[in-house]
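Student: Here is a sequence together with a model predicted from it:
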Amino acid sequence: MKIAVIGTGYVGLVTGVSLSEIGHHVVCIDINKDKVAKMQKGISPIYEPGLSELMTKNINAQRLNFTSDHREGLQQAEVIYIAVGTPENKDGSAELSFVIQAAENIVDCIEQDVIVVTKSTVPVGTNEMIKGIIDAHLSSDLKVDVVSNPEFLKEGSAIHDSFHGDRIVIGADSEHAFNVIEKINQPFNVPIFKTDIKSAEMIKYASNAFLATKISFINEISNICELLGANIENVSTGMGLDQRIGSQFLKAGIGYGGSCFPKDTKALIQIAGNVAYEFELLKGVVNVNKKQQGIIIRKLNDCIPDISGKKIAVLGLAFKPNTDDLRESASILVTEELIKQGAEVVAYDPIAMDNAKSTLNPLVQYADSIAEAIENSDAALILTDWDEIKNVELTVFNKMKTPLVIDGRNCFLVKDMETHGIEYRSIGRPVAAKQIEVTPI
Ligand SMILES: NC(=O)C1=CN([C@@H]2O[C@H](COP(=O)(O)OP(=O)(O)OC[C@H]3O[C@@H](n4cnc5c(N)ncnc54)[C@H](O)[C@@H]3O)[C@@H](O)[C@H]2O)C=CC1
Ligand SMILES: O=C(O)[C@H]1O[C@H](OP(=O)(O)OP(=O)(O)OC[C@H]2O[C@@H](n3ccc(=O)[nH]c3=O)[C@H](O)[C@@H]2O)[C@H](O)[C@@H](O)[C@@H]1O
């Protein structure tokens, strides 16, 4: 089966690499020539555990190719995946110009029947629109099927998720399309759920919105715990033991970030709005998240009301561990606010420093290690729960001018920080270790 993938962001690249790993011949196409030149040499443009190794393996096995030439990539493909970005418009709706461009690329290049599979997260009705664009321009003797096949990978565990996902959703309206796409995916050995195209499109938004709802819910509970003296870690563990609730995505913190939850929640509010439905619950989820992203600054100002001229260390800049992605990371808002309040900001992240330098306020300074970042600082803020941060020797905080740690990810036990004489503020937990603490989930 000859497969082409249009777009090599996280999703396109992981799709291309995974499909080649299970034996298909895949050519990945991207308009970014520099990126293509790198990928042809087996260099991954993103930090993702295990990805480079699989890329090199499949390039060497001649199952995986990269090109910036759509004609070369699409000409003989039997199945074409669209994996381009669907960023956020100013009003929160999904920007579909990259998807439309990809559909036009297909029209320009194909000379054979194809199945067009949309991996990108797209509003309900988009696959119908893609078919409309292609059919309107294609000679009548060619047949094009469209399939919705949303992607559920998480950054940082993308390769694992491809081979051990909970489900593969295939939305189609022809037996032929179902059969071909099911056959392609069978070697993954992941349960396949077949449905209609519109439902498949909605499954993706509803899944992300539901997970975001869980996070905003637990963040609200954590704020109430703080006021009442309960411990959110214990509450999450106790709730998660109920299998109907489940233990995942119940970790309170500084709100969700990343390239998808923020944009997809807003897009779903718009999708509902387009059919005159006000999605009140999801609006609440988005507002709670906005508020939660600012919590670390409020906690800092409670301890040091005037941070002007103070040295503040920021530990962790990526929106979550194991990725170099800073999209919609709380670090953007937090560093901006620290600089606005006149602080000297010194940041450290194990992997995301290059992206940080091109994303964050140019006044942010960078250190090469946790120890260097916190040296002589007035406070340390933890924004990402990297293992390197969670496993740090607590004596390192003695290097600070005043050992004050404000932890947005509950990386340490309150009692351990107390033992080391560190003033410690975390999320949804009592300031002093009066209570029994369970190991965080
Ligand atoms: N990033 C993630 O973890 C996940 C993303 N998604 C969804 O997948 C889609 C893609 O997301 P990312 O991979 O993060 O996107 P991205 O924006 O990082 O990358 C898209 C790539 O497509 C290329 N491109 C754009 N138009 C093109 C065209 N006409 N021809 C060839 N290449 C073109 C760009 O140069 C870029 O390299 C989005 O809809 C997103 O919501 C879904 C699940 C996970
Ligand atoms: O559509 C997408 O792009 C993807 O979005 C998320 O994946 P991702 O954004 O990579 O990362 P998550 O692990 O979901 O984390 C998102 C954000 O939520 C936060 N989070 C997550 C879990 C939790 O319990 N608490 C919490 O605050 C993380 O710190 C992070 O900022 C979904 O988990 C994927 O299934 C989906 O495919």
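Tutor: All right, it came through fine. Keep in mind that this is a model prediction, so the values were computed, not measured. Ligands and ions are numbered 1, 2, ... in the order given.
Student: can we go C-alpha only for contacts and neighbour counts from here?
Tutor: OK.
Student: could you measure the residue nearest the centre of the chain against residue 279, distance?
Tutor: Residue closest to the mean C-alpha point of the chain, counted by Cα atoms, centre = their mean, is residue 258 at 4.2 Å. As defined by Cα to Cα, to the nearest Å, residue 258 lies at a distance of 22 Å from residue 279.
Student: wait, the residue nearest to the centre of the chain sits on residue 327?
Tutor: Yes. Because the distance of 5.0 Å satisfies Cα atoms under 8 Å, residue 258 is recorded as touching residue 327.
Student: Just the strands from this protein, written as ranges.
Tutor: All strands of the chain, identified by DSSP state E, fall at 2-6, 25-29, 64-67, 79-82, 114-118, 144-148, 168-171, 192-195, 311-315, 344-348, 365-366, 379-382, 404-407, 423-425.
Student: low-scoring stretches of this protein, by residue?
Tutor: Filtered on pLDDT under 70, the chain yields the residue ranges 433-441.
Student: near ligand 1, which residues of the protein show up?
Tutor: Neighbours of ligand 1 within the chain, by Cα under 6 Å from any ligand atom: 6-12, 29-32, 83-86, 98, 101-102, 120-121, 151-155, 259-260.
Student: one more time with 5 Å
Tutor: Residues of the chain lying close to ligand 1 (Cα under 5 Å from any ligand atom) are 6-11, 30-32, 84-86, 98, 101-102, 120-121, 151-152, 155.
Student: Sort out for me which of the residues you listed are in helices.
Tutor: Among the residues of the chain next to ligand 1, the residues falling in helices (DSSP state H) are 10-11, 98, 101-102.
Student: Show the buried residues in the residues you listed.
Tutor: Of all those considered here, the ones buried according to neighbour count by 16 or more other Cα atoms under 10 Å are 10-11, 98, 102.
Student: Can you add distance to residue 346 and give those back as JSON lines?
Tutor: Written out in JSON lines, the entries for those read as follows (distance: Cα to Cα, whole Å):
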{"residue": "10", "distance to residue 346": "29"}
{"residue": "11", "distance to residue 346": "32"}
{"residue": "98", "distance to residue 346": "37"}
{"residue": "102", "distance to residue 346": "41"}
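Student: hang on, the earlier thing: could you dump the ones in helices among the residues of the chain next to ligand 1 into JSON lines with distance to residue 234 added?
Tutor: Putting those into JSON lines (distance: Cα to Cα, whole Å) gives the following:
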{"residue": "10", "distance to residue 234": "35"}
{"residue": "11", "distance to residue 234": "35"}
{"residue": "98", "distance to residue 234": "45"}
{"residue": "101", "distance to residue 234": "49"}
{"residue": "102", "distance to residue 234": "48"}
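Student: Please name the nearest non-neighbouring residue to residue 165.
Tutor: For residue 165, the nearest residue in space outside its immediate sequence neighbours is residue 190; the separation is 6.2 Å by Cα to Cα, 6 or more residues apart in numbering.
Student: Kindly report the same for residue 125.
Tutor: Of all residues beyond its chain neighbours, the one nearest residue 125 is residue 198 (6.3 Å), with distances taken as Cα to Cα, 6+ apart.
Student: do the same with residue 33
Tutor: residue 68 (5.9 Å).
Student: The closest residue to residue 12 other than its chain neighbours: neighbouring residues, count only.
Tutor: Take residue 12 and drop its neighbours on the chain: the residue closest to it by Cα to Cα, 6+ apart is residue 83, 4.9 Å away. For residue 83, the tally of surrounding residues (other Cα atoms under 10 Å) stands at 30.
Student: which ones are touching residue 83?
Tutor: With contact taken as Cα atoms under 8 Å, 6 or more residues apart in numbering, residue 83 is in contact with 5-9, 11-12, 118-120.
Student: what's the distance between it and ligand 2?
Tutor: For residue 83, the distance to ligand 2 equals 12 Å [Cα to the nearest ligand atom, to the nearest Å].
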